[in-house]
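Colleague: Structure for this input, please:
(2 chains)
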Amino acid sequence: MQRLSRRPPSRALERAFRGLCLLAVLLPVALLGVLLFDVIRTGIARIDVEFLTSFPSRRPEEAGILAAAVGSLWLVTLTAAFAVPIGVATAIYLEEYARTGRLAGLIEINISNLAGVPSIIYGLLGLELFVRALALGRSLIAGALTLALLVLPIVIMATREALRSVPASLREAALALGATPWQVVRQVVLPIAVPGVMTGSILAISRAIGEAAPLLVLGALSYVDFLPEGIRSPFSALPIQIFNWTRRPQPGFAVDAAAGIIVLMATLLVLNATAILTRNRMQKRLGR
Amino acid sequence: MPQSTPTAKISVQELSAWYGDKPALTRVSLDFPTREVSAIIGPSGCGKSTLIRCCNRMHELVAGARHRGSIQLDGKDIHASDVDPVLIRRRVGMVFQKPNPFPTMSIRDNVLSGLRLTGIHGDDRDAIVEGALQQAALWTEVKDRLGAPGIALSSGQQQRLCIARALAVEPDVLLMDEPCSALDPIATTRIEDLLANLRERYTIVIVTHNMQQAARVSQQTAFLLNGELVEFTETDALFTQPKDRRTEDYVTGKFG
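Modeller: Take a look at the predicted model:
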């Protein structure tokens, strides 16, 4: 008689493998947990209205993150204003118009390469191109343009993913009704893909908000006792402020840095949670 | 060249089609008569879908697809250089295998989507919605919930919604690509009943793998095999006295 199945692997082996996998998950989570716990324990007591609404100071107990937080807000708003429209347009071009062809291939390779370039290189590019060649100076706009380049691949890839998840049958239905390709994209494909585009944009923003290296190269200030007045203003940003505090010898600044990290991380968590919720909504909308 | 008969709505002449190097149709010639139902039958991969997708120029949207030969709609070559494929598709509507209502739109918006998409502004939208849903035999079932999402309907209702959507732009021809293959028998019957009424206003070409369905709904039937037209004649004749041996073998179930 033919055997219906192979002999199952021994229970012990099964259990050992499962344990190993669990360990692989728990180890990084535990490390992260220790780190978080340490930061929160050090910094949580430091967070109050005064910390959030004060400019930096020589005295750690008086220093606050107002300038850095407002700078970050300006920075990511401008970054999104550049990166989202350009990224979405690029993705639409690649997905809906130029699926094949040499130009599309070339652009694709470039985007994948861009996504792999270390962020400090973007800082150097921004310094040469925006700060010097275009004479924008060490300003918000130069920082935002640099960060926009950095997060562009994230927006493009997320948007392409969202466009690709729109079933071909819907495009066909619209085309068969006599719609032009642009009408199909504008009225059928994009409305369905909007949550995916938003997810990508939020992830891009959360990446931009946490970047320090390119802004350091670019010349973001670490001591700013004024709020930006316009896009040409010099600026600071949260990661820069944190980086600066960690380098100070006084122990009080370590507490400030921990508090700054908590603020930054809370912002990131909210952003990422929003991205995940948006994505789930999209999947529901497509009836899956 | 065979002359098209005066009542032909769509006249296909010497049509060959390829996907890349792979031939899908070889020198097919036939006329679909005005305001009648023509069925196209044949085994999977015989070119049934390709044939009707050539009739509204959807075939050319597939990468690498090409064709030779001509198709005339009311005597006008639809592939002529001055013809806009978009305008052809407004006169030649299509219903697909799987119901595909737009998921972000309500029932009402789905019906109006053809007009919205193409920027045509109808005079009386409520009348258009009611008229199209009436013709698709869906009105009584949905008239109290026109604002509900189109994908909330059963799949049989969704398919009738897709028919209503195609009819709302007032085409001359309705191409149906195995419209019942994803539906249960009751939903299938409803669509077949519907065809008998639609025939009074539209020229219908229906692809089906179900021979009983072809026999029930159509006046003409074409039998395709390996991209060639084997026989195209009145439905009764094709099923009772097929002239070609291959047709006889297929309709009696010897292969397929």
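
Colleague: Looks like B:S155 contacts B:C180 (just checking).
Modeller: No - the pair B:S155 / B:C180 is not scored as a contact, 10.4 Å apart, by Cβ atoms under 8 Å. Any C-beta I mention is one placed from the backbone N, CA and C, and that applies to glycine too.

Colleague: Between those two, tell me which one has more neighbours.
Modeller: A count of neighbours by other Cβ atoms under 10 Å in any protein chain shown puts B:C180 above the other of B:S155 and B:C180, at 23 against 14.

Colleague: what's the neighbour count on A:V224?
Modeller: A:V224, neighbours per other Cβ under 10 Å, totals 22.

Colleague: Could you count how many residues lie near B:Q135?
Modeller: Neighbours of B:Q135 under the rule other Cβ under 10 Å: 19.

Colleague: Name the SS class of the residue nearest to it when sequence neighbours are not counted, please.
Modeller: Sequence neighbours aside, B:L167 is the residue nearest to B:Q135 in space, at 5.3 Å (criterion: Cβ to Cβ, 6 or more residues apart in numbering or on different chains). Using DSSP: H, G, I helix; E, B strand; the rest coil, the secondary structure recorded for B:L167 is helix.

Colleague: What of B:I88?
Modeller: What three-state DSSP gives for B:I88 is helix.

Colleague: ok, it - contacts?
Modeller: Residues in contact with B:I88, defined by Cβ atoms under 8 Å, 6 or more residues apart in numbering or on different chains, are B:56-57, B:73, B:78.

Colleague: so how far is B:H67 from it?
Modeller: As judged by Cβ to Cβ, to the nearest Å, B:I88 and B:H67 stand 14 Å apart.

Colleague: Correct me if wrong: the residue nearest to B:Q135 contacts B:A137.
Modeller: No - look at B:L167 against B:A137 with Cβ under 8 Å: they stay out of range, at 11.1 Å.

Colleague: Which residue of those two possesses the greater neighbour count?
Modeller: Shown here are B:L167 and B:A137; by other Cβ under 10 Å, B:L167 has more neighbours (24 against 18).

Colleague: so how far is B:V205 from the more buried one?
Modeller: B:L167 sits 15 Å away from B:V205, taking Cβ to Cβ as the criterion.

Colleague: quick one: secondary structure of B:T221?
Modeller: Following three-state DSSP, we place B:T221 in the strand state.

Colleague: Just the pLDDT at it, thanks.
Modeller: pLDDT recorded at B:T221 is 95.

Colleague: A:P251 now?
Modeller: If you check A:P251, the pLDDT there is 83.

Colleague: what does the one 5 residues further on give?
Modeller: According to the per-residue confidence, A:D256 scores 85 in pLDDT.

Colleague: So which residues on the stretch 151-288 of chain A come close to chain B?
Modeller: Proximity of the stretch 151-288 of chain A to chain B is confined to A:167, A:169-170, A:172-180, A:183-184, A:187-188, A:191-192, A:285-287 under the rule Cβ under 8 Å from any Cβ of the partner chain.

Colleague: Buried ones in stretch A:185-197, by neighbour count?
Modeller: A:185, A:187-190, A:192-197 (16 or more other Cβ atoms under 10 Å in any protein chain shown).

Colleague: what's it in contact with?
Modeller: Contact with stretch A:185-197 is made by A:84, A:88, A:92, A:96, A:155, A:158-159, A:161-163, A:165-166, A:170-171, A:173-174, A:179, A:278-279, A:281-282, A:285-286, B:102-104, B:113, B:116-117, as judged by Cβ under 8 Å, 6+ apart.

Colleague: Would you list the buried entries among those residues?
Modeller: Buried members of the contacts of stretch A:185-197, scored by 16+ other Cβ under 10 Å, are A:84, A:88, A:92, A:96, A:155, A:158-159, A:161-163, A:166, A:170-171, A:173-174, A:179, A:278-279, A:282, A:285, B:102-104, B:113, B:116-117.

Colleague: Of these, which belong to strands?
Modeller: In strands, judged by DSSP state E, none of those are found.

Colleague: Show me the residues you listed that map onto helices.
Modeller: Per DSSP state H, helices hold the following members of the buried ones among the contacts of stretch A:185-197: A:84, A:88, A:92, A:155, A:158-159, A:161-163, A:170-171, A:173-174, A:278-279, A:282, A:285, B:113, B:116-117.

Colleague: can I get the CA coordinates of stretch A:38-45 in PDB?
Modeller: Written as PDB, here are the backbone C-alpha positions of stretch A:38-45 (Å, rounded to 0.1, in the frame of the first residue of the first chain):
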ATOM      1  CA  ASP A  38      16.200  53.600  29.200                       C
ATOM      2  CA  VAL A  39      15.300  56.700  27.100                       C
ATOM      3  CA  ILE A  40      11.900  57.000  28.600                       C
ATOM      4  CA  ARG A  41      13.100  56.600  32.200                       C
ATOM      5  CA  THR A  42      15.700  59.300  31.600                       C
ATOM      6  CA  GLY A  43      13.600  61.700  29.700                       C
ATOM      7  CA  ILE A  44       9.900  61.400  30.500                       C
ATOM      8  CA  ALA A  45      10.000  63.600  33.500                       C
END
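
Colleague: Let me know whether my guess that B:K98 is in a helix holds.
Modeller: No - counting by three-state DSSP, B:K98 is not found in a helix; it is coil.

Colleague: residues contacting it?
Modeller: Per Cβ under 8 Å, 6+ apart, neighbours of B:K98: A:169, B:182.

Colleague: before we move on, could you check phi and psi at it?
Modeller: phi -100, psi 140 (degrees, to the nearest 10).

Colleague: And it, how far from A:L52?
Modeller: Distance, B:K98 to A:L52, using Cβ to Cβ: 54 Å.

Colleague: and if you look at B:P85?
Modeller: Counting by Cβ to Cβ - B:P85 and A:L52 are separated by 60 Å.

Colleague: Of these two, which one has the most company?
Modeller: B:P85 (16 against 13).

Colleague: Could you report the pLDDT at the nearest residue to that one once chain neighbours are set aside?
Modeller: Nearest residue to B:P85, sequence neighbours excluded (Cβ to Cβ, 6+ apart): B:R57, at 4.1 Å. On pLDDT, B:R57 comes in at 94.

Colleague: ok, now A:A30?
Modeller: On pLDDT, A:A30 comes in at 94.

Colleague: The closest residue to chain A within the stretch 151-256 of chain B in helix, strand or coil?
Modeller: Chain A sits closest to B:I151 of the stretch 151-256 of chain B, with a gap of 5.2 Å, by Cβ to the nearest Cβ. Following three-state DSSP, we place B:I151 in the helix state.

Colleague: Relative to A:R186, how far out is it?
Modeller: Counting by Cβ to Cβ, the gap from B:I151 to A:R186 is 21 Å.

Colleague: same check, this time on B:R216
Modeller: Using Cβ to Cβ, we find B:R216 at a distance of 41 Å from A:R186.

Colleague: do B:N56 as well
Modeller: The span separating B:N56 from A:R186 equals 21 Å under the rule Cβ to Cβ.
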